[in-house]
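Undergrad: I would like to see how this sequence folds:
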Amino acid sequence: MLLIQEQIKTALKARDAVLVAHYYVDTKLQILAEATGGIVSDSLEMARFGQNSNANLIIVAGVKFMGETAKILSPEKTVLVLDNNATCSLDEDCPIETFSKFCDQHPDRTVVVYANTSAQVKARADWVVTSGSAFNVVKHLKINGKKILWAPDKHLGNYVKNKTGADMLLWQGACVVHERFKAKTLIQLQNKYPEAATLVHPESPQEVVDLADVVGSTTALINAVKNRKEQTFIIATDNGIFHKMHEVAPNKKLIEAPTMGVGADCESCAHCEWMAMNTLENCLSTLQTGNNEIFINANIRKKAKNAIQKLLDFTA
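TA: A predicted model of the protein is given here:
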């Protein structure tokens, strides 16, 4: 019997499909995506890759909002996610009804939302940003005299607010993975490995961000491991990223930042339970059945595309 990877490769070719995977999903899916002409990247780059691909079918290994972003940019293509129940706490923390009312209460503010949101929330926004672009976009808006309503991640929003000095009203969402990182035990780990550089994703709490040598997006953290001179790194983000970090810097030592206190069952449990729902088995099943297709209302899609396009034009 063929290995499941070979079955998936055959099915991808037969269905004229491309597999795009996030840095946080299972290593086997990341390897398979690149081996079959797909990509491993952040959510916006996954969607943009699918848009530019000649494939008629985009298979998204990630969470549901990533599938929606891919569909927003490629409405003429079929987009399938591996599990319809794979969601995101940031998306869940920002329901469109309450968020829309919040926006209506502050009509003088430019609405900037993080990519980790539903298509409906993106459609309500003026701008969509990523963790890598948020600082530059907010700085640009501040220079142009704009007051900002930010959603959903309060930690990333606070980080950008502190760095830019912009007038930002923050929605109070948080990532269940990044919010678990602990400053007290991180300091203990830094004392144990004084030669290590500490890399932190800005969705982490401020007291953790304050301890970082590098604060940045998934791509920025991977590049830091690749390019910095240190040989040891303490990493405060989802541990799914370790595959790509080992790939770009195979001889460097990577240590997971602590998410649990002293005496806990694990020193670090930094892995998204929804990302973990992406498996080789449901990848093959999705390809064979066509289940888990993403559908978006045309009006919602058009409005969301406008907010995303501002970012794409800004970063071009």
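
Undergrad: mind giving me the domain ranges of this protein?
TA: Residue ranges for the domains of the chain, per automatic domain parsing: 4-86+275-295, 90-175, 178-256.

Undergrad: check the offset of stretch 145-157 from the chain's centre.
TA: Centroid separation between stretch 145-157 and its chain, computed with CA atoms, centre = their mean, to the nearest Å, is 17 Å.

Undergrad: in the stretch 1-150 of the chain, which spans are helices?
TA: For the stretch 1-150 of the chain, applying DSSP state H, counting those that start in this stretch gives helices covering 4-14, 27-35, 43-52, 64-73, 89-92, 96-104, 119-124, 134-143.

Undergrad: from those, which stretch is densest packed?
TA: Of those, the one with the most neighbours on average (mean count of other CB atoms under 10 Å) is helix 64-73, at a mean of 27. (Glycine included, C-beta is placed from N, CA and C.)

Undergrad: which elements pack onto that helix?
TA: If contacts are counted by 3 or more CB pairs under 8 Å, 6 or more residues apart in numbering; DSSP states H and E, helix 64-73 sits against helix 43-52, strand 57-61, strand 78-81, helix 119-124, helix 298-315.

Undergrad: could you list the alpha-carbon positions for that helix in CSV?
TA: Output of helix 64-73 as CSV, limited to C-alpha atoms (Å, rounded to 0.1, in the frame of the first residue of the first chain):
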residue,chain,number,x,y,z
LYS,A,64,-10.5,28.4,9.1
PHE,A,65,-9.8,32.1,8.8
MET,A,66,-6.8,31.2,6.6
GLY,A,67,-9.1,29.3,4.3
GLU,A,68,-11.4,32.4,4.2
THR,A,69,-8.5,34.7,3.4
ALA,A,70,-7.5,32.4,0.5
LYS,A,71,-11.1,32.4,-0.8
ILE,A,72,-11.2,36.2,-0.5
LEU,A,73,-8.2,36.5,-2.8
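
Undergrad: name the surrounding residues that touch that helix.
TA: Residues external to helix 64-73 that are found in contact with it (CB atoms under 8 Å, 6 or more residues apart in numbering): 20, 22, 43-44, 46-48, 50-51, 58, 60, 77, 79-81, 84, 86-88, 91, 115-119, 122, 292, 294-296, 301, 304-305, 308.

Undergrad: now do stretch 216-231
TA: 23-24, 41-42, 45, 130-132, 195-197, 199, 201-202, 214, 233, 235, 237, 241, 244-245, 248-249, 251-254.

Undergrad: buried subset of the residues you listed, written for ChimeraX?
TA: Applying 16 or more other CB atoms under 10 Å to those, the buried members can be selected in ChimeraX as follows:
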select :23,24,41,42,45,130,131,132,196,197,199,201,202,214,233,235,237,241,244,245,249,252,254
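
Undergrad: mind checking which of the contacts of stretch 216-231 land in helices?
TA: Cross-referencing the contacts of stretch 216-231 against helices under DSSP state H gives 45, 244, 245, 248.
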